[in-house]
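*Asks:* Need a 3D model of the following:
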Amino acid sequence: MGLLDGMLGNVLGAALGNNRGQAQSQDPLSSILGGLTGGSGATSSAGGNVLLQLALAMLQQNGGLEGVLGKFRQAGMGAQADSWVSTGQNMDVSSDQLQQVFGSGALNDIASQLGMSQNQAGSAMSQMLPELINQLTPQGRVTNESHDSIAEALQSLSASAGR
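*Replies:* Numbers count the residues shown, from 1 in each chain. As a prediction, the model looks like this:
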């Protein structure tokens, strides 16, 4: 479980800009998570866990890593998708691009679960999803362990939410 906890911490930390050297004031996810957690910005926050859980569920509901990566490739965003799997720098994806791939209904559902606007949810997911995929593919490729990690992470987050 320690490896999974470390992966989850890395995803949240990197999505918050802690691993990228980004200024916090330019990071909309930080302000969103800060708002959800009363300004604490802690990576283990309930708001961050909910966002991470929703991102993992989005992966699972869309065919896992291969399904989601395939959707991005079909939408002409293969370079972005491939960058998230590779060991290099992750390319950005916009909220509009996420809507193009997953549909506005998916972002509306996420927004309602987080109690925020669709634009805020799209912004949060546009930062969370690339880093999540990056963390699930540490060797630069999709493996069986990558798929198992999605289910394990969802199970772990669900269990911690029930405490």
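*Asks:* Quick check: what element follows the helix or strand bottoming out on mean pLDDT in the chain along the chain?
*Replies:* Here the helix or strand of the chain ranked lowest by mean pLDDT, DSSP states H and E is helix 28-36, holding a mean of 39. Going down the chain from helix 28-36, the next helix or strand is helix 46-61, by DSSP states H and E.
*Asks:* Can you tell me which helices and strands that next one packs against?
*Replies:* With contacts taken as 3 or more CB pairs under 8 Å, 6 or more residues apart in numbering; DSSP states H and E, helix 46-61 sits against helix 2-15, helix 28-36, helix 64-74, helix 104-114, helix 118-136, helix 144-161. For glycine as for every other residue, the C-beta is placed from the backbone atoms N, C-alpha and C.
*Asks:* Val93: which of those is closest?
*Replies:* With CB to CB as the criterion, Val93 lies closest to helix 118-136 of the helices and strands packed on helix 46-61, at 5.2 Å.
*Asks:* What residues of the closest one count as buried?
*Replies:* Under the neighbour-count criterion of 16 or more other CB atoms under 10 Å, helix 118-136 has 118, 120-136 buried.
*Asks:* ok, now stretch 54-69?
*Replies:* For stretch 54-69, burial by neighbour count (16+ other CB under 10 Å) applies to Leu54, Ala55, Leu56, Ala57, Met58, Leu59, Gln60, Asn62, Gly64, Leu65, Val68, Leu69.
*Asks:* Same check on stretch 84-100?
*Replies:* By 16+ other CB under 10 Å, the buried positions in stretch 84-100 come out as Trp84, Val85, Asn90, Val93, Ser95, Gln97, Leu98, Gln99, Gln100.
*Asks:* Redo these as TSV? Include secondary structure and pLDDT.
*Replies:* Below are the buried residues of stretch 84-100 laid out as TSV (DSSP: H, G, I helix; E, B strand; the rest coil; pLDDT from 0 to 100):
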residue	secondary structure	pLDDT
Trp84	helix	95
Val85	helix	94
Asn90	coil	93
Val93	coil	96
Ser95	helix	94
Gln97	helix	96
Leu98	helix	96
Gln99	helix	94
Gln100	helix	95
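*Asks:* could these be laid out in a markdown table, adding distance to Gly78?
*Replies:* Listed next are the buried residues of stretch 84-100 as a markdown table, based on distance: CB to CB, whole Å:
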| residue | distance to Gly78 |
| --- | --- |
| Trp84 | 11 |
| Val85 | 11 |
| Asn90 | 14 |
| Val93 | 12 |
| Ser95 | 19 |
| Gln97 | 12 |
| Leu98 | 15 |
| Gln99 | 18 |
| Gln100 | 14 |
